[in-house]
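**Student:** dropping the sequence and predicted coords here.
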Amino acid sequence: MSKFADIRIDPGIVRRAARGDVRAHEIIYRAFSAPVYSICLRFTRVPANAEDLLQETFVEIIRNIAAFRGEAPLGSWIRRIAVSKALMFLRSAWHSRGQSLDDDFEEVTPGRPESHGISGHPEHAIDLDAALANLPSVSRAVVWLHDVEGFTHKEIAGLMGKTESFSKSQLSRAYQRLRPFLEAHAAEKSASTAMEGPALGSC
């Protein structure tokens, strides 16, 4: 579930921020900088890029907070700005390489899961970040937006400038690619439990 939903800011702080109160700006930044950075890092996978997007996001927040009407939670508004910034970054990266979002699924990371940080040992939990890292950028973004941030396919389509079918297709294909990692982890966990059972029973 999105971390943004758990953050509550007093409406008075928002009103002060809208009037240009620097202390109120700082309170909002401290409250939301971590989840904003998390989204940006999930999309870009490069800390320096995520830091840049974090700053760009809050520049836009401060510039436009006077227009925030409170019709939705402040966190939802901030989250949408962060996602828009991250997707703009992805589009820019793809355009600079002469590709489009539709080409994205062909950019996959080959190799065994272990070679990308996913443990091959039963005693280790699956590294979900490493599993997602095996997805191309747009598919990874769709999975994160849909499954973690709770966006609908219609909302994702709007953010990406695509159709709902595009979002659904990306999610389905991402699941197909992630399934071997998740099934391998489940099998390893079952094997580990079976091996530990007799030893625990003899104590």
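**Tutor:** Now that the structure is in, tell me what you want to look at. The model shown is predicted, which means the values in this text are computed figures rather than measured ones.
**Student:** mind listing the helices in the protein by residue range?
**Tutor:** Applying DSSP state H to the chain gives helices spanning 11-18, 22-44, 47-64, 74-96, 128-133, 137-143, 153-160, 164-201.
**Student:** closest one to residue 4 among these?
**Tutor:** Set against residue 4 and scored by C-beta to C-beta, the helices of the chain come closest in helix 74-96, at 3.6 Å. For glycine as for every other residue, the C-beta is placed from the backbone atoms N, C-alpha and C.
**Student:** against residue 71, how distant is residue 59?
**Tutor:** Spatial separation of residue 59 from residue 71 under the definition C-beta to C-beta, to the nearest Å is 23 Å.
**Student:** do the same with residue 16
**Tutor:** From residue 16 to residue 71 the distance is 19 Å (C-beta to C-beta).
**Student:** cool, and residue 177?
**Tutor:** From residue 177 over to residue 71 (counting by C-beta to C-beta), the distance is 38 Å.
**Student:** got it, and residue 163?
**Tutor:** In this structure, residue 163 and residue 71 are separated by 26 Å, where distance is defined by C-beta to C-beta.
**Student:** can you tell me how far residue 171 sits from residue 92?
**Tutor:** For residue 171 relative to residue 92 (C-beta to C-beta), the value is 23 Å.
**Student:** which one's more surrounded, these two?
**Tutor:** Taking residue 171 and residue 92 together and counting by other C-beta atoms under 10 Å, residue 171 has the greater number of neighbours (18 against 10).
**Student:** with adjacent residues omitted, what lies nearest to the more buried one?
**Tutor:** residue 142 (5.3 Å; C-beta to C-beta, 6 or more residues apart in numbering).
**Student:** wait, the one you found touches residue 162, no?
**Tutor:** No. Using C-beta atoms under 8 Å, residue 142 is not in contact with residue 162, being 9.7 Å away.
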